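Enquirer: 3D, please:
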Amino acid sequence: MTIIDRDAESELGAMARVYAVAGLLVFPVWWPEDGTCACPSRLSCSSPGKHPMTARGVNGASADIEAIYNWWQIHPKANIGLPAGANNFAVLDVDPRHGGDESLARLRDYLAGAGQPLPDTLTQITGSGGEHFIYQAPDGGVKGKANAFGPNMVGLDTRGRGGYIVAAPSIHAAGHAYRWVDFFADPAPWPSLLSQLMDPPKPVPDPFDAARTGGGQGYAAKALENEVAAVRASREPGRNNRLNEAAFSVGTLLGAGLLDEATVVQELYSAAVACGLGEREAALTIASGVAAGKANPRER
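Expert: Model (predicted):
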């Protein structure tokens, strides 16, 4: 015989229905119990209080009020799952336990320097003290990825196509409830620069050719060639600083209209990877340095 906890149902079940009335798809998620998961695996569960109860999981999410009512009548303590892709969400998930706060600060600085500051949006505080920044997904959505911006931006994950988040007032395994900062805030559009950082440009295998500078003249083409050579020859410590200096220097030429930006980025990126820098670290440094240099164009 199932004993229904009316108080728990009134909070979790009612909120699940609120989400549905707001046009969101939801599904039930196992909840934490006595320091472990309420699912059949219990002590051996690798994701306590976070994985779907239903066989189809995120693919079985519904906005049908009657179905939702029945789910939470049977399991009044069930946590609430919100599909990301199916609800047109793109989520930046910040996990402070794995360095997410520090990485978020770096990401904010970079985006601001590139002239695209991270916009305010619908935000949830997770039960572990992290944050879900929920954006309106771009066309085609975004992919879900752990450490989405590379090993130098740990603790920043994404939730998108096929993924989901656990939503307030669900309970985390740590015993704390998820909560909205402002549930009535509208999701801002997903910043396009975040997608670029998730999939940085690939290195160009060809050696530098001044003819590929897209019209860069005389000293500008030679300056780019010299900076690329210097980055390629750089070693630790200081190779990332050298890359930043090179990106700023040629960025001032870009600001003056003397070089082609796509060529500059490709050449610097190829050199950075060749000297041992990580792909995303290189992409971040180049974008930041070039943006700063363009803001200070060199006189012709």
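Enquirer: show me where pLDDT drops low in this protein?
Expert: 1-10, 200-218, 300 (pLDDT under 70).
Enquirer: show me the strands in it, by range?
Expert: In the chain, the segments counted as strands under DSSP state E are 27-29, 32-33, 36-37, 79-83, 89-94, 122-125, 131-136, 156-159, 164-167, 179-180.
Enquirer: residues making contact with the first one?
Expert: Right, the one you point to is strand 27-29. Applying Cβ atoms under 8 Å, 6 or more residues apart in numbering, the contact partners of strand 27-29 are 16, 49-54, 57-58, 60-62, 71-72, 75, 78-81, 83, 164, 166, 170. For the C-beta atoms, the positions are set from N, CA and C on the backbone; glycine is no exception.
Enquirer: surely Ala256 touches Glu299?
Expert: Yes: taking contacts as Cβ atoms under 8 Å, Ala256 lies within contact range of Glu299: 7.0 Å.
Enquirer: show me which of these two is the more surrounded one.
Expert: Ala256 (16 against 5; other Cβ atoms under 10 Å).
Enquirer: how close does that one sit to Gly23?
Expert: Using Cβ to Cβ, to the nearest Å, Ala256 is found at 50 Å from Gly23.
Enquirer: list the contacts of the closest residue to Phe89 other than its chain neighbours.
Expert: Using Cβ to Cβ, 6 or more residues apart in numbering and skipping the chain neighbours, the partner closest in space to Phe89 is Ile134 (5.4 Å). By Cβ under 8 Å, 6+ apart, the contact set of Ile134 is 89-91, 121-124, 165, 187.
Enquirer: rerun that using 10 Å as the cut-off
Expert: Contact analysis of Ile134 by Cβ atoms under 10 Å, 6 or more residues apart in numbering lists 82, 84, 87, 89-93, 121-124, 159, 165, 167, 180, 185, 187-188, 190.
Enquirer: next one: Val18
Expert: 24, 26, 68, 80, 183.
Enquirer: which among those end up buried?
Expert: 24, 26, 68, 80 (16 or more other Cβ atoms under 10 Å).
Enquirer: now, these that are in helices?
Expert: Among the buried ones among the contacts of Val18, DSSP state H puts Ile68 in helices.
Enquirer: nearest to Thr252, of the buried ones among the contacts of Val18?
Expert: Checking the buried ones among the contacts of Val18 against Thr252 by Cβ to Cβ gives Leu24 as the nearest, at 47.9 Å.
Enquirer: please parse this protein into its domains.
Expert: 1-83, 210-294 (automatic domain parsing).
Enquirer: what's the most buried one of the ones you listed?
Expert: Highest mean neighbour count of the domains of the chain: domain 210-294, a mean of 19 (counted as mean count of other Cβ atoms under 10 Å).
Enquirer: tell me where the stretch 51-200 of the chain has helices.
Expert: 65-74, 100-113, 192-198 (DSSP state H, counting those that start in this stretch).
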